[in-house]
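1. sequence below, structure please.
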Amino acid sequence: MGVVSLSSNFTAARHPMALKATIFKANLQIADMDRHYYASHALTIARHPSETDERMMVRLLAFACHAHEHLAFARGLSEADEPDAWQKDLTGAIERWIDVGLPDEKRILKACGRANQVAIYAYGGRAATLWWNAIGPKLTRLKNVTVINVQPAVTQALAQLAQRSMQLGCTIQDGAVWLNSDTESVQAAFDVLREPA
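-> Got it, this is the predicted structure:
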């Protein structure tokens, strides 16, 4: 079992007027038949004051799709030099860098230079399409980046699963991803816009 925690970079001592992160707990059971990965992860997720339930749940989806005993949420929105999640080896080298949203070219280039593999989970419907049309051609020379566009209907359905305490199951088979709560099931359809060369 991996225990992952993410703490906000804002503290009352340093920022007396700053809003604090909202803490969510998720017990995530993963059955990834494509990678033969079966594990339970007890996750503590700090939702940044500017983050929506929708974005937070896309983060959780990305974690589930790449789950590993060394994958951990990073500070993301609270720290510009960190991704939403990363996986490091025992030396501290970054094996996988995961960003959620619509990062600019400079951030993507920096991530590709720091990590062996980079995965970007874009969402936002038309905004994501416009972003990809603008940035896609600039990424052609990069050999280690995957870009995934999560459908608006999926991100909205995922947001409905958000609770301060969550019991979730994730099943992955033949590229299809399902995220389930006790009462709801969401098939996480997405488009792979780019895969590593």
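2. need the longest helix for this protein.
-> Longest helix in the chain, counting residues (DSSP state H): helix 53-65.
3. and that one, how far from the chain's centre?
-> 5 Å (C-alpha atoms, centre = their mean, to the nearest Å).
4. which element is encountered next along the chain beyond it?
-> strand 71-73 (DSSP states H and E).
5. what lines up beside that next one in the sheet?
-> Here strand 71-73 is paired, per DSSP bridges, with strand 85-88 (antiparallel).
6. what mean pLDDT does the strand it pairs with get?
-> In this model, strand 85-88 has a mean pLDDT of 97.
7. for whichever helix or strand comes after that strand, name the packing helices and strands.
-> Following strand 85-88 in sequence order, the next helix or strand is strand 94-100 (DSSP H and E). Contacts defined by 3 or more C-beta pairs under 8 Å, 6 or more residues apart in numbering; DSSP states H and E place strand 94-100 against helix 53-65, strand 85-88, helix 105-114, strand 115-123. To be clear about C-beta, it is placed using only N, CA and C from the backbone, and glycine gets the same treatment.
8. tell me the mean pLDDT for strand 94-100?
-> For strand 94-100, the mean per-residue pLDDT is 98.
9. so for S78, what's the pLDDT?
-> pLDDT, S78: 71.
10. go ahead and confirm it touches H48.
-> Yes: between S78 and H48 there is a contact under C-beta atoms under 8 Å: 5.8 Å.
11. now the helices and strands packed on strand 94-100 in JSON lines, with distance to T183 and mean neighbour count?
-> As requested, those are arranged in JSON lines below (distance: least, C-beta to C-beta, whole Å; neighbours: other C-beta atoms under 10 Å):
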{"stretch": "helix 53-65", "distance to T183": "15", "mean neighbour count": "24"}
{"stretch": "strand 85-88", "distance to T183": "26", "mean neighbour count": "21"}
{"stretch": "helix 105-114", "distance to T183": "36", "mean neighbour count": "15"}
{"stretch": "strand 115-123", "distance to T183": "23", "mean neighbour count": "22"}
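12. out of the ones you listed, nearest to S40?
-> Nearest to S40, of all those, is helix 53-65, at 11.8 Å by C-beta to C-beta.
13. how about the CA coordinates for the closest one, as CSV?
-> Below are the C-alpha coordinates for helix 53-65, written out as CSV (Å, rounded to 0.1, in the frame of the first residue of the first chain):
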residue,chain,number,x,y,z
ASP,A,53,-13.3,19.4,-8.0
GLU,A,54,-13.1,18.7,-11.7
ARG,A,55,-9.4,19.4,-11.9
MET,A,56,-8.7,17.5,-8.7
MET,A,57,-10.5,14.4,-10.0
VAL,A,58,-8.6,14.5,-13.3
ARG,A,59,-5.5,14.5,-11.1
LEU,A,60,-6.8,11.4,-9.4
LEU,A,61,-7.6,9.8,-12.7
ALA,A,62,-4.1,10.5,-14.0
PHE,A,63,-2.7,9.0,-10.8
ALA,A,64,-4.8,5.8,-11.3
CYS,A,65,-3.7,5.5,-14.9
